[in-house]
Structure formats: structure tokens, C-alpha cells
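**Student:** Next comes the sequence, and after it the predicted model I'd like to discuss.
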Amino acid sequence: MKVASNGIQINVRERGSGVPALVFLHYWGGSSRTWDYVVAELADRFRCVATDHRGWGESNAPDHAYRLVDLADDAQGVITALRLDGYVLVGHSMGGKTAQLLASRRPTGLKGLVLVAPSPPSPTVLSAEQRESLLHAYDSPESIAYVRDHVLTALPLSDAKKTQVIEDSRRGAPQARRAWPTEIMLEDIRSDVANINVPTLVLSGEHDQVDTTETLGREVLPRIVGARLQLLPGIGHLSMLESPGAVAHAIGSFVATLS
């Protein structure tokens, strides 16, 4: 379904019932359906809401306004429109950085925060060569397949999941694809995340090459009061596709600890 938020239409996939609700934010190159396998294991207990970021999936793709604040405002607008008065934010990679900014605002109803291989709040500095490579990572099915198999995953994916990754990455609007390596990953929200005041779980794939366990331990955990890290053995960056059961179990166990 489409939800009016922040002046555009955001596509939302909703399933299940129960409280608190779980609000899922996807990675650069993904979509709301990135979370489908995790949601399938949680929807019997929780209302699960997954969004397409602007420019991705079936959401509107405006010509401009792709900074972190825009993504956070979009997500907040969906939460408000759906009248979620008790919810946990679950963000992966770019969606994890978005979730950190949104949580730092201490929005009404936020009960907890789950960061799955989150991009850190500090700027991610790349060489000109690395940034250029990232800008072209999703240029073709072949380039996406290479990144998927050699960078994003440590465990093999089914053919259906492999195809999904290619379709979602190809579907991103050019302005949305460009915004991450040229703007969002360079944003510095370190002072903002110090305001997060809800229980926070950080999930890290043991073999993640994008946001490594070492990086998360250095750049994320010390900046969020009380945050704790849980290692997912044998998993890479796309943990929700590689081992959705492990991710769902970690989320469910964490939510059970919230009052």
C-alpha cells in the first residue's frame, strides 16, 4: 500500500499483528521485500511494517532530497500515518543509519532499536577510486551479481533470493543510487546518536565485509548508551537473506526483554 509521508508516497508492506510493532528500513540497493523472510517468522507475534525508501522499490522518486534527514522524515511520516504508538525500529546498513537518526529524535512511541550491520554514525571515507567503483556497483545485472556474491554475502543464496537482489538494485532511481556514496555515507551524526535513549541491539555478521564487527565495535557501540552487540556466526552483510531465522530469533528475543 502507499502512504502519504513527507510530501511523497512511500510504499509500505504490512503483515501480522501484535505489539510492539516492528518497523523495518532496508539497505542501499534493497527494498521493503528484503525483509520478507524475517517478517515471515515474526508476523505471528508482531505487526510488521516494512517501507521502501524514496527512490527504491515502489516509493516515489523525487528529483532531489535524498539526504539522511529526508529518509528519516519519510519513515517518521509512515509511523505517524499508521498511528503506531508502540514500535521498535529495525534498520539495516543505510536503513540502520537512518534508524539511528530517527531514534536520536526520541520520537513518541519508540520502545527499542535494532541495528543490523548498520552504517556507522561517523562519515565513511572512501578513496576516489573506491567511491567511483561504488557508484557503478549497480550498473548491470552482472555487476550486481558480482557485488552480491563477493562482497555482500558469505553464505550462498537461493536462486529466488539472488534474482531479488538484482531486481531491487536495478530498480533504484539514479538519484537514489547516487545519493548513498556521494552524500549519505559522508554525513556525520555522531552528536545526534548520543541522544538515543532506548534499548539498542546491534547485530553483526561474522564475515561482514561492508560494516565489519570491528567497525561497529569502534564507531557504533560507544556512541549509543547501553547498546550491546550480538554476533551472527558465518554470516555476511545480507543477514536477513542469508540467515533470516537467526535474525528473526535475535529480534524476537530482544523485543521480549522490553518492558
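**Tutor:** Cool, the structure landed.

**Student:** Quick one: residues contacting the nearest residue to His92 once chain neighbours are set aside.
**Tutor:** Nearest non-adjacent residue to His92, counting by CB to CB, 6 or more residues apart in numbering: Val116, 4.2 Å away. Where you see a C-beta, it was placed from the backbone N, CA and C, and this is true even at glycine. By CB atoms under 8 Å, 6 or more residues apart in numbering, the contact list for Val116 reads 90-93, 96, 203, 239-240, 247.

**Student:** Same question for Asp168.
**Tutor:** Contacts of Asp168 by CB under 8 Å, 6+ apart are 29-31, 33-34, 56-57.

**Student:** Mind jotting down where the helices sit in the stretch 151-259 of the chain?
**Tutor:** Taking DSSP state H, counting those that start in this stretch, the helices of the stretch 151-259 of the chain run over residues 159-171, 174-182, 190-193, 213-219, 239-242, 244-256.

**Student:** Could you say which of the ones you listed is packed most deeply?
**Tutor:** Comparing the helices of the stretch 151-259 of the chain by mean neighbour count (mean count of other CB atoms under 10 Å), helix 239-242 comes out on top with a mean of 26.

**Student:** worst-scoring helix or strand of this protein, pLDDT-wise?
**Tutor:** The weakest-scoring helix or strand in the chain, judged by mean pLDDT, DSSP states H and E, is helix 128-135 (a mean of 88).

**Student:** Now do the end-to-end distance for stretch 192-205.
**Tutor:** Taking CA to CA, to the nearest Å, stretch 192-205 runs 25 Å from one end to the other.

**Student:** Look up phi and psi at the residue nearest to His92.
**Tutor:** With angles defined as degrees, to the nearest 10, Val116 sits at phi -100, psi 110.

**Student:** Can you give me the pLDDT of it?
**Tutor:** Looking at Val116, its pLDDT is 98.

**Student:** List the beta-bridge partners for it.
**Tutor:** Here Val116 sits in beta bridges with His92, Leu203, as judged by DSSP bridges.

**Student:** do you know how far Ser191 is from Trp56?
**Tutor:** 28 Å (CB to CB, to the nearest Å).

**Student:** re earlier: minimum distance to Tyr66: which of the helices of the stretch 151-259 of the chain has it?
**Tutor:** Closest approach to Tyr66 among these is made by helix 174-182 (3.5 Å; CB to CB).

**Student:** And that closest one, what does it pack against?
**Tutor:** Contacts defined by 3 or more CB pairs under 8 Å, 6 or more residues apart in numbering; DSSP states H and E place helix 174-182 against helix 128-135.
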